[in-house]
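Undergrad: have a look; sequence and predicted model below, questions after that.
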Amino acid sequence: MTLFIALCLVSALSFAQEKIPVDTISRGNLTVILYNDKTWQYVDIQPAASVQIVDSVNITAQNWITNSVYAQKPDYARTKDTCIIDFGADVNNYSFPVRGKVYSRFGMRSGKMHTGVDIELKQDDTVVAAFDGIVRFAGWNNSGYGNVVVIRHYNGLETVYAHLSEVKCMANQKVTAGELVGFGGNTGRATGTHLHFETRLKDNAFDPELIFNLQTGVLVADKIPLYASNFDYMKYVDNSEYHVVKSGDTLYAIARKYHVSVKQICDLNGIKETSILSVGKRLRLR
Ligand SMILES: [Zn+2]
């Protein structure tokens, strides 16, 4: 800009004096302008402001839900096309969230799908963000995650850090790879202290081992293809969720708590909005 203004000024002056810039030489922040009359002039050009992490793909534009660990209901159809997770500039800028023995891998576990990996840690160990991104959810989750953080990264990937003893970030906060997001614990539905770590694309979980070598914590590749087969498990998983009615519960309060509509609960359970809920009744929510 400075150069542009300088050149404009110079051209304005040169018009009268026939002094025209013919070349420029750059040296660090200094630029020398050479003129047709064999004179020269230094022009001080300030370096461009350091590039900030920008939301270049506008990651908060769609499904930016800060009050739920899922921005939308998992759906196999959403990831049935092959796609590439591109780590681009982040290929050397990542941090495995916590280093420890892997207790439990991604996959079926006692008849239920385990949608992440469980990594050993000690109570209150530091858990860090895997990549740069923006925190989408940070807080308590009732359906088993306990204290949990969900971060959306600039390539669309989301990572989930669950069972934390304490959450140390907030929704909408920008984080960088390696930044503290919480302390390890065993909150929620956890047997023992560990980190439950998930990787998700469009709210569909896939095996974190496709991205990370769990033994070394090293990124597998800079571009990782995900195929429909990586989400095949979803075709066989029962995503139903239930709530057992407690004293004082209302349909509206339950619907709000689980982020579903009252109509959906009524339809799934064959009840009316005006139905009396009996304590102990098991209501299907999804
Ligand atoms: Zn787990």
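TA: Looks like it arrived, so ask away.
Undergrad: just the pLDDT at residue 255, thanks.
TA: Per-residue confidence (pLDDT) for residue 255: 92.
Undergrad: how about it: what's its closest non-neighbour residue?
TA: Excluding the flanking residues, the one nearest residue 255 by Cβ to Cβ, 6 or more residues apart in numbering is residue 262, at 4.7 Å. All C-beta spots, glycine's among them, are computed from the backbone N, C-alpha and C.
Undergrad: tell me, how many neighbours does that neighbour end up with?
TA: 15 (other Cβ atoms under 10 Å).
Undergrad: mind listing what the closest residue to the ion within the stretch 101-250 of the chain touches?
TA: Across the stretch 101-250 of the chain, the shortest distance to the ion (Cβ to the ion) belongs to residue 196, at 3.4 Å. Taking Cβ atoms under 8 Å, 6 or more residues apart in numbering, we find residue 196 in contact with 116, 117, 118, 145, 160, 161, 162, 163, 190.
Undergrad: cutoff 10 Å now
TA: 103-104, 114-119, 144-146, 148, 160-164, 188-190 (Cβ atoms under 10 Å, 6 or more residues apart in numbering).
Undergrad: which ones are touching the nearest residue to residue 133 once chain neighbours are set aside?
TA: Leaving aside its sequence neighbours, residue 133 sits nearest to residue 153 (Cβ to Cβ, 6+ apart; 3.9 Å). The contact partners of residue 153, taken as Cβ under 10 Å, 6+ apart, are 57, 59, 85, 87, 90, 94, 129-134, 159, 175, 177, 199.
Undergrad: in strands, which of these fall?
TA: Residues from the contacts of residue 153 lying in strands, with DSSP state E as the criterion: 85, 133, 134, 159, 175, 199.
Undergrad: quick check: the farthest pair among these?
TA: Largest separation among these by Cβ to Cβ: 85 and 175, giving 18.4 Å.
Undergrad: do you know the pLDDT at the nearest residue to residue 129 once chain neighbours are set aside?
TA: Nearest-residue entry for residue 129: residue 175, 4.4 Å, with adjacent residues in sequence omitted and distances by Cβ to Cβ, 6+ apart. We have a pLDDT of 96 for residue 175.
Undergrad: what about residue 175, how many neighbours?
TA: 22.
Undergrad: that one against residue 131, yeah?
TA: Yes: counting by Cβ atoms under 10 Å, residue 175 sits close enough to residue 131 to count as a contact (8.9 Å).
Undergrad: okay, now the domains of this structure?
TA: Using automatic domain parsing, the domain ranges for the chain come out as 2-44, 76-235, 242-284.
Undergrad: turn those into JSON lines, columns for distance to residue 67.
TA: Formatted as JSON lines, the domains of the chain follow (distance: least, Cβ to Cβ, whole Å):
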{"stretch": "domain 2-44", "distance to residue 67": "47"}
{"stretch": "domain 76-235", "distance to residue 67": "7"}
{"stretch": "domain 242-284", "distance to residue 67": "7"}
